[in-house]
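Participant: Fold the following, please.
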Amino acid sequence: MSQPDTAKRVRPAATLALVRDGAPGLEVLLLQRTWQAAFLPGYFVFPGGAVDPRDPDVRAFTSGRGDDAISQTLSLDEGGADYMIAALRECLEEAGLLLAVDGQGRLPAGDHPVLGEGREALRREQTSFRALCERHGLGLPLDRLAYLGHWVTPPGAPRRFDTRFFVALAPPDQKAAHDGSETIDHAWLTPAEALAAHRQGRMSLGYPTLRTLRLLGDFPSAEALLRYAHANPPTASPSRPWPAHRGGAAWQVEPDAPAYAEVRRLDPHRQGTASAELVPGRAVELAPGVTRVTAPNPGAMTGPGTNSYLLGNGDESLVIDPGPADPAHLERLLALADGRISRVLVTHTHIDHSPGAAWLKARTGARLVGLPPPPGASQDAGFAPDHRPGHGERLDTPVGPLKVLHTPGHASNHLCYLLEPARLLFAGDQVMQGSTVVINPPDGDMAAYLAALQALGEEPFDTIAPGHGFLIGEAHAAIDFLVTHRLAREHKVRLALARHGPASLETLTQHAYDDVPEARRALAARSALAHLLKLEVEGRALQRDALWEVVEE
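Facilitator: Got it, this is the predicted structure:
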């Protein structure tokens, strides 16, 4: 049987951020998706949806800009206008707002029939968008929409969309109204209010929504935002393979491949000099004075192996995460540092990250920096730090200040280190490449993990150097996507509780992690338990006699 063509499952889509000037400043309209939605249930989003095959038929009722000009702005060969048409159509269906003008250039007022019976007929598929425009003598002023960005749903999601984001001024004499089926609530909020509600757990927002809200939040008024957006459309996202080498031969790295961000960063001129594979013992310079060496401990939990990072200028070096007590790996670190290692920092004391610290201290007298190990079989009980850094503390290093960030959740003593001059975050196991970390109670804590991710999102960095895998670009996007993924999984856990509870942890895991291979189901059960414990603390789940049940809100 042939492999499925994943490209055919990625549907073109458009979304529209409608803004207005309110008493607290710039406000944007957000709609809450129904809890029955297959993708991001209960999340707040901008109005939007898939491009309809009939949307090109509406081009005859557009004005301001033609398809050629719009397509050029969107870096498309053709069809750019169809994305804008889809955004306006979906906005009418989902929010009851229509950015259109009549023959005199007037926007429909709140009592216009297109906003009432016309909307309902469109929602029920009793008419087309073209027929609606024709019947009411309306045109779509596409020049009032400004292009904000482009986002493709990552592989693995139940539905994938190639989405274009637009922004426009909301029609002033129309009143937003969710449709009661696809959307169940709506709110006008400032970007700061929406982001605060997300951080506090009161409003679920996906990565592309978060990214757009952060952009909107930079502007004091709708006029300032639209003036900027019209004058500064985003450039095209990288979409072509990047030359590199692998196994001694030339290699083309696809945009979705794990190595893509790293080879682009290390070889910006496309000379093919960067490596697309992680080889134990190989020294890779990631930034001035920053070198990565991967330990020879590959596995299901460690990926290609634990990354150790050397920070130094020739006269002094320090190590972040020395990895396991593997003599060959540690000798390699010593050789690269000419034996001059003054400090060994650990992100946490799991046995794949910190045991090499004692070995290096014995050889060099280096001071050990980190937090003591909590109880547990997976912990390096022998790690004894000489210095226990506090959250927010800055450590002087040969390559600049290193900010310490306490990020509990995966482990209660987990730390991240932010190299501020390079805007590079050494993330340990806080952020994994291509997968999520196991949150294993009792030391693992899902609530603490999500809170730590939210706090990391406020820190200034561009790139993540993880404990396993290649460099991760678009760092804040990776964090936002992790939060979105975890909260979507939590929704599945709670849905399993509602449908199958009272139930055992094993039963709930089978339903909430039905997309996880059977071989990894035991690990999934640990994260399921972490979600259940979080829900229990929040008063949304209850355990009785080893059975879990939902607590209705």
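Participant: Look up the pLDDT of the nearest residue to S317 once chain neighbours are set aside for me, please.
Facilitator: Spatially, and ignoring its direct neighbours in sequence, S317 is nearest to A337 (3.8 Å; CB to CB, 6 or more residues apart in numbering). For glycine as for every other residue, the C-beta is placed from the backbone atoms N, C-alpha and C. pLDDT, A337: 95.
Participant: contacting residues around A337?
Facilitator: Residues in contact with A337 (CB atoms under 8 Å, 6 or more residues apart in numbering) are L310, G312, S317, V319.
Participant: ok, now A477?
Facilitator: Y207, R211.
Participant: re earlier: for the contacts of A337, which two are the farthest from each other?
Facilitator: G312 and V319 (9.1 Å; CB to CB).
Participant: Those two - which one has more neighbours?
Facilitator: V319 (29 against 21; other CB atoms under 10 Å).
Participant: Tell me if I'm right that the more buried one and V346 touch.
Facilitator: No. Look at V319 against V346 with CB atoms under 8 Å: they stay out of range, at 9.0 Å.
Participant: now stretch 71-84: mean pLDDT?
Facilitator: 93.
Participant: repeat for stretch 545-553
Facilitator: pLDDT averaged over stretch 545-553 gives 88.
Participant: In PDB, list the C-alpha atoms belonging to that stretch.
Facilitator: What follows is stretch 545-553, C-alpha atoms only, in PDB (Å, rounded to 0.1, in the frame of the first residue of the first chain):
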ATOM      1  CA  ASP A 545     -10.500   4.000  45.500                       C
ATOM      2  CA  ALA A 546      -8.000   4.200  42.700                       C
ATOM      3  CA  LEU A 547     -10.700   5.400  40.300                       C
ATOM      4  CA  TRP A 548     -10.800   8.900  38.800                       C
ATOM      5  CA  GLU A 549     -14.000  10.800  38.000                       C
ATOM      6  CA  VAL A 550     -14.800  14.300  36.700                       C
ATOM      7  CA  VAL A 551     -16.000  17.100  38.900                       C
ATOM      8  CA  GLU A 552     -18.600  19.100  37.000                       C
ATOM      9  CA  GLU A 553     -18.000  22.900  36.900                       C
END
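Participant: How far off centre is that stretch?
Facilitator: Centre-to-centre, stretch 545-553 and its host chain are 30 Å apart (CA atoms, centre = their mean, to the nearest Å).
Participant: what does stretch 159-177 give?
Facilitator: 21 Å.
Participant: Also stretch 134-152?
Facilitator: 27 Å.
Participant: Show me what counts as buried in it.
Facilitator: 136, 138-142, 144-152 (16 or more other CB atoms under 10 Å).
Participant: Give me the buried stretch members for stretch 168-176, please.
Facilitator: Under the neighbour-count rule (16+ other CB under 10 Å), stretch 168-176 has A168, L169, A170, P171, Q174, A176 buried.
Participant: Could you work out the end-to-end span of that stretch for me?
Facilitator: Criterion CA to CA, to the nearest Å; first-to-last residue distance in stretch 168-176 is 14 Å.
Participant: and for that stretch, what are the contacting residues?
Facilitator: So stretch 168-176 is in contact with 16-20, 29, 95-99, 107-110, 115, 144-146, 186, 188, 222, 226, going by CB under 8 Å, 6+ apart.
Participant: Could you rerun that using 7 Å?
Facilitator: The contact list for stretch 168-176 (CB atoms under 7 Å, 6 or more residues apart in numbering) reads 16, 18-20, 29, 95-99, 107-110, 115, 144-145, 186, 222, 226.
Participant: Please point out which parts of stretch 58-69 sit buried.
Facilitator: Applying a neighbour-count criterion of 16+ other CB under 10 Å, the buried positions in stretch 58-69 are V58, R59, F61, T62, R65, D67.
Participant: For Q36, see how far away R214 is.
Facilitator: With distances taken as CB to CB, to the nearest Å, R214 is found 29 Å from Q36.
Participant: Give me the distance between the two termini of stretch 123-136.
Facilitator: 17 Å.
Participant: Apologies, that question was intended for stretch 188-208.
Facilitator: Terminal-residue distance, stretch 188-208 (CA to CA): 18 Å.
Participant: ok, the helix or strand where A17 lies: who's next to it in the sheet?
Facilitator: If you go by DSSP states H and E, A17 is part of strand 10-22. Next to strand 10-22 in the sheet, as set by DSSP bridges, lie strand 25-33 (antiparallel), strand 48-50 (antiparallel), strand 160-169 (parallel).
Participant: Which of these sits closest to R246?
Facilitator: The minimum distance between R246 and the strands paired with strand 10-22 falls on strand 160-169, with 26.9 Å, by CB to CB.
Participant: average model confidence for the closest one?
Facilitator: 92.
Participant: Which of R214 and Q36 has more residues huddled nearby?
Facilitator: R214 (15 against 11).
Participant: circling back: narrow the buried residues of stretch 58-69 to those in helices?
Facilitator: Counted as lying in helices by DSSP state H, out of the buried residues of stretch 58-69, are D67.
Participant: what would the buried residues of stretch 58-69 look like in a markdown table with pLDDT?
Facilitator: Below are the buried residues of stretch 58-69 laid out as a markdown table (pLDDT from 0 to 100):
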| residue | pLDDT |
| --- | --- |
| V58 | 94 |
| R59 | 94 |
| F61 | 94 |
| T62 | 95 |
| R65 | 92 |
| D67 | 94 |
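Participant: Sweet, I'm off.
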